[in-house]
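>>> Please find the sequence and the predicted model below.
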Amino acid sequence: MGLFNFTKKNKDVAGMYDIPGQPDTSVNNLKLLVEKFKGLVSDKKIRFPSDLGTEHPYDYTTIDQLMLKYGVVPAIVDKHIDFIMASGINIASEDKRSKQIIEDWMRDVDFNTAVRPWIRAALAKGPGYLELGTNEKGIITELKTLKSDYMFKDRDEFGYLNGINQYLKPLKTFDRVQSQKDIERFKTNEIAVLDINRHEDMAYGIGIIYPLMWIINDLVGSRREMHTFMRRKSNSPYIFRGGSVEKWQFPSQGKMDAMKQKLEWLNNKHEWVIPALWDVKTLDFGNLGDKFSFIIENDMEILCMGAQIPAFLMGKASIAEGIAKEQMKAWMFKIQSLREEIEKVIEQQIFKPVLLANGLETHVEIIWGLPTEEEKNEKIKLINDTIKNPFLNTVLKNKLEDEMALLYGIPEDDLLEMEEEREKEEEEELLPVVPEERKKDPSKNPPPNDREHVHDHKIEESVKESRHYTIKEWLGFNYSEYSDEVLSVIQNDPFKLLKGITKEDFKAGLLSSKEIEQVRISLSEAIDNNNTIRELENLLEKRIDFKDRLVMKNGHIVTKNGKPVLALSKIYRANMIARTETVRVSNEGAKEHYKKNDITKVRWIAAMSERTCPICSEFNGRIYPINNTPAIPAHPDCRCTIAPVVE
């Protein structure tokens, strides 16, 4: 028993359109641009009035009933809309003015909200009609979705769209004279028409619900029959048997009629005392739910298949994660296909007129929402792996870095500002981080000067390049053999040069005990996984709210002209710590490993090049007792290492 007898009007929808041809278009001057098509279309015109347009392929009120009364159907449609719209519609264009005009216009008309019912109508019924209301200058200022049931396309014999007509009254009541004034005639540029699931040369799309009607009919019918049967049978009907054959005693007709009358008014409040002549039993139908569950489950599964929606999105199935991912991938392909249909209509029938009204013959493209976190992470990983290639072209590497920054949500203008600020900081950097061990032995310090030594970062490998090195690549040696010692150093080291004690220390940007603990955790994770410097930097930034590092002297912040002297901007703190501390803890771990293996002396090894600073050049090649080596790093961003001396 089905819910709708929906096949009476047109037994074969596609059969009404037998001659293939060209779909209609709303571009008025198309005939002037291309040679006119020769292929004809066989639209079935409405008889009265004949100039109203092409007959609808099926009765749209059927879809209205389902959308209003059967929750699964609007759930299918809404699931499509939710994924199609996702984070909304964004704009891209090579012409900045065009992009700005469209973005301002979208905001003025609340575009993302206005198009949802239009897309919903097209998905549900096939065609969606969006009226484009204009002002006296011809600029679209209002958008309104019109009900598809009352809209009719008027096409010529070649399939070109002449116009769209609206008639709100039942066609059966049409009067040739009186009803002509009730027809509202729209030009093609006054309505944006979106057809979903249009076959061959059909005038209208049929949407995503009509092809599912047989399945929906079976599912609704099965559920109705189940509930009807349950209401009638699930209460276990009584069987009353009167009399006894053995005793040859039977109730009189009057007593039987009296019992029948009582049973007709039986309810939960009745209490019974049954005489000996009456035997009462119940009729057991077994578990009725099991008899219907397979049918309904199967119908629901077929419905999801027909709608091409993963069953788990409809809350119906629990499947393996791998299968779910493949289903989601196929589902997103379908969503992308629908988006492409929609964006063609929006760009040509809506955005283009808006630009023309502003005197622009440019093009804008739709960017659908934003990538998911999974998509962003996959793309970031791919870019990161590519950047690690030492033979990668510098220009390409810079473009990939910019792309990665955008994926992290950093605007292009901010990137430029950060780069300029960084260059300025690198020229004027003041970092009071000479290790305490070196202070005790003046012979191991460079000649005194007015500022602490740091590498000239104009010559040293740029911060940008360093970010994409793995920790092993940054160190220049493999610490895997003594990673346990490195991790032990991280857990037990006091991090004196980073940790603050007084309020003045914290004002100067030194870290609290809790923040030092986050440094330990981040370093341990990064070294254990051989992350890149960028990944370690991201871990630190995520876990610690860095402040500007200010210059300190004798426990107080140094000021100049009444303002504190900046040593390093907070936006670079994470990178500096990532690079410097990995070198320090790795060398300390190496030293502990050498001690366990009875190594008594180590050699200082600098990364020698034209970039090497005087301090590192002076130390390079020197041999020191393992318990009396200069501290490594010798300065921020130092990449020197120690190697065992085997005698």
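Looks like it came in fine.
>>> Going by C-alpha atoms from here, please, whenever you check contacts or count neighbours.
Noted.
>>> all strands in the stretch 1-150 of the chain, in order from the N-terminus.
89-92, 127-134, 140-146 (DSSP state E, counting those that start in this stretch).
>>> Out of those strands, which one sits most buried?
Compared across the strands of the stretch 1-150 of the chain, strand 127-134 shows the largest average neighbour count, a mean of 21 (mean count of other CA atoms under 10 Å).
>>> Please give the centre-to-centre distance between it and its chain.
Distance of strand 127-134 from its chain centroid, counting by CA atoms, centre = their mean, to the nearest Å, is 29 Å.
>>> Only alpha carbons, please: show it as PDB.
In PDB, the C-alpha atoms belonging to strand 127-134 read as follows (Å, rounded to 0.1, in the frame of the first residue of the first chain):
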ATOM      1  CA  PRO A 127      13.600  24.000 -11.300                       C
ATOM      2  CA  GLY A 128      14.300  26.900  -8.900                       C
ATOM      3  CA  TYR A 129      13.200  30.500  -9.900                       C
ATOM      4  CA  LEU A 130      15.000  33.500  -8.300                       C
ATOM      5  CA  GLU A 131      13.400  36.900  -9.200                       C
ATOM      6  CA  LEU A 132      16.000  39.600  -9.600                       C
ATOM      7  CA  GLY A 133      14.500  42.900  -8.500                       C
ATOM      8  CA  THR A 134      16.200  46.000  -9.800                       C
END
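>>> Report all helices and strands that that strand contacts.
Contacts defined by 3 or more CA pairs under 8 Å, 6 or more residues apart in numbering; DSSP states H and E place strand 127-134 against helix 111-125, strand 140-146, strand 191-195.
>>> Measure how the second one sits relative to helix 111-125, angle-wise.
For strand 140-146 against helix 111-125, the angle by axes from the mean of the first three to the mean of the last three CA atoms, to 10 degrees is 30 degrees.
>>> rewinding a little: indicate which one of the strands of the stretch 1-150 of the chain is closest to Ile302.
Closest approach to Ile302 among the strands of the stretch 1-150 of the chain (CA to CA): strand 127-134, 24.9 Å.
>>> partners of that closest one, with directions?
Within its sheet, strand 127-134 is paired with strand 140-146 (antiparallel), strand 191-195 (antiparallel), according to DSSP bridges.
>>> Out of those strands, flag the one nearest Asp95.
Going by CA to CA, the one of the strands paired with strand 127-134 nearest Asp95 is strand 140-146, 20.5 Å.
>>> mean confidence score for the helix or strand following that closest one?
Sequence order places strand 151-155 as the next helix or strand after strand 140-146, per DSSP states H and E. The average pLDDT for strand 151-155 rounds to 91.
>>> Tell me the helices and strands packed up against strand 151-155.
Using 3+ CA pairs under 8 Å, 6+ apart: strand 151-155 touches strand 161-166.
>>> and for the strand it packs on, what are the contacting residues?
Here strand 161-166 makes contact (CA atoms under 8 Å, 6 or more residues apart in numbering) with 24-26, 52-53, 150-156, 183-188, 191.
>>> Repeat the analysis, applying 10 Å as the threshold.
23-28, 51-54, 129, 146-156, 182-191, 193, 203 (CA atoms under 10 Å, 6 or more residues apart in numbering).
>>> What of stretch 129-136?
Residues contacting stretch 129-136 (CA under 10 Å, 6+ apart): 114-115, 117-119, 121-122, 139-148, 151, 164, 186, 189-195, 349-350, 354.
>>> quick revisit: for Ser293, find the nearest of the strands of the stretch 1-150 of the chain.
Proximity to Ser293 (CA to CA) singles out strand 127-134 among the strands of the stretch 1-150 of the chain, at 35.8 Å.
>>> Tell me what angle that closest one forms with strand 161-166.
Taking the same axes, to 10 degrees, strand 127-134 and strand 161-166 form an angle of 90 degrees between their directions.
>>> so what's Ile471 up against?
477-479, 526-536, 578-579, 582-583, 586.
>>> So it versus Lys187, what's the distance?
Ile471 is 66 Å from Lys187, where distance means CA to CA, to the nearest Å.
>>> got it, and Ile383?
49 Å.
>>> With mean pLDDT and distance to Ile46 as extra columns, can I get the strands paired with strand 127-134 in JSON lines?
Putting the strands paired with strand 127-134 into JSON lines (pLDDT from 0 to 100; distance: least, CA to CA, whole Å) gives the following:
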{"stretch": "strand 140-146", "mean pLDDT": "93", "distance to Ile46": "20"}
{"stretch": "strand 191-195", "mean pLDDT": "94", "distance to Ile46": "20"}
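>>> which stretch among the helices and strands packed on strand 127-134 comes nearest Thr282?
Among these, helix 111-125 comes nearest to Thr282, with 47.7 Å by CA to CA.
>>> thinking again about what came up before, buried ones among the contacts of stretch 129-136?
Buried members of those, counted by 16 or more other CA atoms under 10 Å: 114-115, 117-119, 121-122, 139-140, 142-143, 145-148, 151, 164, 186, 189-195, 349-350, 354.
>>> Who has more neighbours out of Ile383 and Lys187?
For Ile383 and Lys187, the more surrounded residue by other CA atoms under 10 Å is Ile383, and the numbers stand at 16 against 13.
>>> Quickly list what Asp154 is bridged to.
For Asp154, the beta-bridge partners are Gly163 (DSSP bridges).
>>> Please look at it and Ala203 and confirm they touch.
Yes - applying CA atoms under 10 Å, one finds Asp154 in contact with Ala203, separated by 8.9 Å.
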